[in-house]
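Novice: next comes the sequence, and after it the predicted model I'd like to discuss.
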Amino acid sequence: MKNEWYSSKLRLAYMVEHSDNNRYMDSTYIFKATCFDDAFNKALKIGRNLEHRYENIEKNEVHVKFKEIVTLDYIGKINDGCEVVCDRIDIPKNTNENHDTKYFPEKSRPSQTL
C-alpha cells in the first residue's frame with residue numbers, strides 16, 4: 001500500500017496541580033499513512049507521545065494529557081502552499097465590516113503560537 005498524507009487535530013489537556021488554570025490546546029499534525037485506520041493509529045501514537053509532566057514557574061506540576069483526536073482528514077498529495085488547517089472565525093457584529101471593507105494584509109504583524 002502507498003503512504004499518503006493525512007492531517008489530524010489533537011487535543012491536549014494541560015492540568016496544573018493546585019490551580020484552576022487548566023486548559024485545552026489543539027494542535028494539527030500532518031503525517032503519512034496507508035489508509036484511514038493506519039492514520040487513526042498514527043494520530044493516537046503522536047498524541048500519546050506528547051503526554052508528559054513538567055514543573056511550571058510557580059513550582060506546580062503540569063500534567064499534559066492526550067484528551068482526544070478532534071479531526072482526522074485525508075489530504076492525499078501535498079503541494080507547496082497546501083492548506084492544512086482552516087478555522088472558522090465569525091466577524092463580530094460591532095466591527096462595521098462589510099463587502100466594501102478594504103483589508104491590508106501586507107501590514108500584518110504575525111505572532112507565534114507558542
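Specialist: Sure thing, it's come through.
Novice: wasn't A43 part of a strand?
Specialist: No: A43: not assigned to a strand; according to DSSP: H, G, I helix; E, B strand; the rest coil it is helix.
Novice: tell me the contacts of it?
Specialist: A43 makes contacts with 6, 8, 10, 29, 31, 69, 72, as judged by C-beta atoms under 8 Å, 6 or more residues apart in numbering. Yep, even glycine has a C-beta here, placed from its N, CA and C like the rest.
Novice: assign the nearest residue to I78 once chain neighbours are set aside to helix, strand or coil.
Specialist: Spatial nearest neighbour of I78, chain neighbours left out: W5 (5.0 Å); criterion: C-beta to C-beta, 6 or more residues apart in numbering. Three-state assignment for W5 (three-state DSSP): strand.
Novice: again, but for I46
Specialist: Going by three-state DSSP: I46 is helix.
Novice: so in terms of bridging, what pairs with the nearest residue to it once chain neighbours are set aside?
Specialist: With C-beta to C-beta, 6+ apart as the criterion, I46 has its nearest non-adjacent residue at 5.5 Å, and that residue is Y29. Beta bridges link Y29 to S8, judged by DSSP bridges.
Novice: tell me who's in contact with Y29.
Specialist: Taking C-beta under 8 Å, 6+ apart, one finds 7-8, 10, 43, 46 in contact with Y29.
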